[in-house]
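> Next one to model:
(one chain, ligands or ions: 1)
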Amino acid sequence: MSTQGAAGLRAGLIGLGSMGRHHARVLAGLEGVDFVGVVDPMGDKNGWAQGAPVLAEVDQLIELGVDYAVIACPTALHEEVGLKLAAAGVGALIEKPVADTVEGARKLVEAFESRGLVAGVGHIERCNPALRSLRLRLEAGELGDVYQVVTRRQGPFPHRIADVGVVKDLATHDIDLTGWVTGQRYTSIAARTVSKSGRAHEDMVSAVGQLSDGTMVNHLVNWLSPMKERFTSVTGERGCFIADTLTADLTFYSNAALATEWEALQAFRGVAEGDMIRYAIPKREPLLVEHELFRDAVLGKSDDICTLREGMRTVVVAAAVLESAASGVTVALDGADGTVPDGR
Ligand SMILES: NC(=O)c1ccc[n+]([C@@H]2O[C@H](COP(=O)([O-])OP(=O)(O)OC[C@H]3O[C@@H](n4cnc5c(N)ncnc54)[C@H](O)[C@@H]3O)[C@@H](O)[C@H]2O)c1
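Below you'll find the model as predicted:
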């Protein structure tokens with residue numbers, strides 16, 4: 001159902017919490033889009049709605065007539081809310097992870113795909129300038145063969161309700177960005193988790209995986225560190241890229257083109273240290289870029305979004321991380337379509 005008028009697309013927001021407030025700010029200023037309403041059963045006690053009417057029910061937003069809605073309510077509710085929007089013919093930009101279970105993610109994929117509706121997942125790291133630049137450089141073959149991707153995403157516990165553990169909440173960023181920057185899929189994953197903060201879910205994970213081209217992957221993710229870190233490195237034939245997605249900096253450490261002659265240094269530092277370049281890249285706000293790309297997808301002008309199917313694959317890998325941590329064994333994933341051989 002398109003309600004697009006002269007002013008542009010009509011968009012709504014579901015969930016006005018710590019992420020939803022940022023969506024409200026961006027939607028309110030987004031060119032070509034009318035921000036028509038927010039749904040939150042708790043109302044707008046913090047004054048974050050940007051003047052949009054605040055509604056208690058998703059049905060009320062649907063009744064207002066919207067082309068799409070951003071889903072930023074707790075992860076465990078994405079499935080229910082998303083299915084309601086799809087049934088009403090409304091597109092959706094669903095916050096990550098797309099759902100808290102593989103089954104839920106699969107139902108969302110079917111609901112939106114079968115109706116031909118535009119839907120995407122807010123894997124915002126794809127809009128980080130450092131990772132966008134990294135992806136282009138890897139695609140252009142600047143690193144030669146890729147050997148390894150390492151991510152570290154560490155920090156203190158977030159002061160908000162967490163209905164899922166750190167694997168589904170945070171490590172899904174790492175799983176998605178790894179597949180996206182390399183253009184590969186996971187073929188296996190092994191992991192260990194610990195739960196130290198007395199909650200029902202894990203709050204620290206260490207995972208080792210493999211991608212379809214043989215690239216080795218390591219993820220260290222937790223809510224138990226006093227410092228905040230968002231680190232991605234990709235090591236390959238010609239050197240190593242390091243992306244810091246907090247500062248949106250991308251640095252390349254190249255292997256040495258010239259052999260080191262000083263023997264003592266050779267022994268100490270190895271022979272491979274070459275030039276280091278920190279790229280000057282334009283730094284636009286990732287959330288604004290995410291919204292612009294999604295709006296353009298709804299308008300049929302672009303397909304540069306994280307699809308629900310890609311979001312589902314990330315949930316499949318996250319489920320395999322938890323399965324491996326529980327069983328102590330490596331879980332095989334079918335790199336061809338992102339599902340394991342038993343069809344999970
Ligand atoms: N992309 C990112 O970097 C990023 C960062 C933080 C959170 N998130 C995602 O955003 C989502 C929300 O996380 P958060 O940190 O904002 O949580 P939050 O707890 O701060 O906010 C959730 C909001 O949803 C509201 N809500 C509850 N039930 C609702 C319903 N039935 N309909 C509408 N609203 C409802 C709550 O009242 C609350 O205001 C999660 O899926 C999370 O994974 C993404």
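> Residue 330 versus the residue nearest the centre of the chain, what's the distance?
Closest to where the C-alpha atoms of the chain average out (C-alpha atoms, centre = their mean) is residue 123, at 2.5 Å. Distance, residue 123 to residue 330, using C-beta to C-beta, to the nearest Å: 25 Å. For glycine as for every other residue, the C-beta is placed from the backbone atoms N, C-alpha and C.
> Residue 220 too?
18 Å.
> More neighbours: which of the two?
More neighbours surround residue 220 than the other of residue 220 and residue 330, with 18 against 14 (other C-beta atoms under 10 Å).
> what about the more buried one, which helix or strand?
Residue 220 belongs to strand 216-222 when assigned by DSSP states H and E.
> Can you pull out the residues in contact with that strand?
By C-beta atoms under 8 Å, 6 or more residues apart in numbering, the surrounding residues in contact with strand 216-222 are 147-155, 166-167, 170-171, 174-175, 178, 186, 203-211.
> out of those residues, which are inside strands?
Judged by DSSP state E, the subset of the contacts of strand 216-222 located in strands is 147-154, 186, 204-211.
> Next to the ligand, which bits of the stretch 1-150 of the chain? Give me the list.
By the rule C-beta under 6 Å from any ligand atom, the part of the stretch 1-150 of the chain lying against the ligand is 14-20, 39-42, 72-75, 77, 95-96, 122, 124.
> Could you pick out the buried ones from those?
Neighbour-count burial (16 or more other C-beta atoms under 10 Å) applied to those gives 14-17, 19-20, 39-40, 72-75, 77, 95-96, 122, 124.
> got the contact list for stretch 24-37?
Residues from elsewhere that reach stretch 24-37 (C-beta under 8 Å, 6+ apart): 7-13, 16, 38, 48-55, 60-61, 64-66, 70, 285, 287-288, 291-292, 295, 299.
> Using CSV, write out every CA atom in it.
Extracted C-alpha coordinates of stretch 24-37, given in CSV (Å, rounded to 0.1, in the frame of the first residue of the first chain):
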residue,chain,number,x,y,z
ALA,A,24,13.1,9.7,15.6
ARG,A,25,15.7,12.5,15.2
VAL,A,26,16.9,11.2,11.8
LEU,A,27,13.4,10.5,10.5
ALA,A,28,12.2,14.0,11.5
GLY,A,29,14.9,15.6,9.3
LEU,A,30,15.0,13.0,6.4
GLU,A,31,14.5,14.5,3.0
GLY,A,32,11.5,13.2,1.1
VAL,A,33,10.0,11.6,4.2
ASP,A,34,7.1,12.6,6.5
PHE,A,35,7.5,11.3,10.0
VAL,A,36,3.9,10.6,10.8
GLY,A,37,3.9,8.8,14.2
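> All good on my end, thank you.
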